[in-house]
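**Q** Got a predicted structure here, sequence first:
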Amino acid sequence: MRTTGEETLSTREEHNRVGAEAASIRRWYEDRIRIHGATFESLSAGPVEREDRRHAVHASVLSGPEPTVLDIGCGIGRFYDFLKKTGRRCHYTGYELVPEYVERASILYPEIHVIERN
């Protein structure tokens with residue numbers, strides 16, 4: 001393994017690969033947003049009923065009266081919406097790769113923190 005400065009070549013290659021994959025994922029969602037807008041349909045999350053079941057499973061592991069939630073790949077904040085609709089209070093932060101989803105979630109739920117992040 002060759003070292004270049006403080007970073008090994010393999011680490012740099014891995015970083016580049018991950019960055020390329022993130023860019024590819026971002027482009028896929030941006031194409032869907034051009035068709036559907038920054039909506040549930042563009043998320044390609046399946047039927048709403050399946051999403052609700054998935055959210056119920058995720059919510060079942062939360063403990064305490066106001067748990068802290070970090071939602072990685074939060075889209076437009078649908079998990080937060082589920083928690084809100086089911087009366088579950090929380091401290092919510094969402095990380096999202098796609099800027100249009102960050103903007104939409106921030107508009108829909110100004111009380112939460114949504115951050116564009118890879």
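**A** Looks like it came in fine.
**Q** quick one, what contacts the spatially most central residue of the chain?
**A** Residue closest to the mean C-alpha point of the chain, counted by Cα atoms, centre = their mean, is Gly73 at 1.6 Å. Taking Cβ atoms under 8 Å, 6 or more residues apart in numbering, we find Gly73 in contact with 95-97. The C-beta positions use only the backbone N, C-alpha and C, and glycine is treated the same way.
**Q** buried set for stretch 68-75?
**A** Within stretch 68-75, the residues scored as buried using 16 or more other Cβ atoms under 10 Å are 69, 71, 74-75.
**Q** So which helix or strand of the chain has the lowest pLDDT on average?
**A** strand 3-4 (a mean of 54; mean pLDDT, DSSP states H and E).
**Q** Pull the distance from the longest helix along the chain to the chain's centre.
**A** Ranked by residue count and defined by DSSP state H, the top helix of the chain is helix 9-36. Centroid separation for helix 9-36 versus its chain: 14 Å, with Cα atoms, centre = their mean, to the nearest Å.
**Q** One more: stretch 99-116?
**A** Distance, centroid of stretch 99-116 to centroid of chain: 10 Å (Cα atoms, centre = their mean).
**Q** Okay, now it: how far is its last residue from its first?
**A** 6 Å (Cα to Cα, to the nearest Å).
**Q** Mean confidence (pLDDT) on that stretch, please.
**A** Taken as a whole, stretch 99-116 has an average pLDDT of 97.
**Q** quick one: buried residues of the helix or strand where Val114 lies?
**A** Secondary structure from DSSP states H and E places Val114 in strand 113-116. By neighbour count with 16+ other Cβ under 10 Å, strand 113-116 contains the buried residues Val114.
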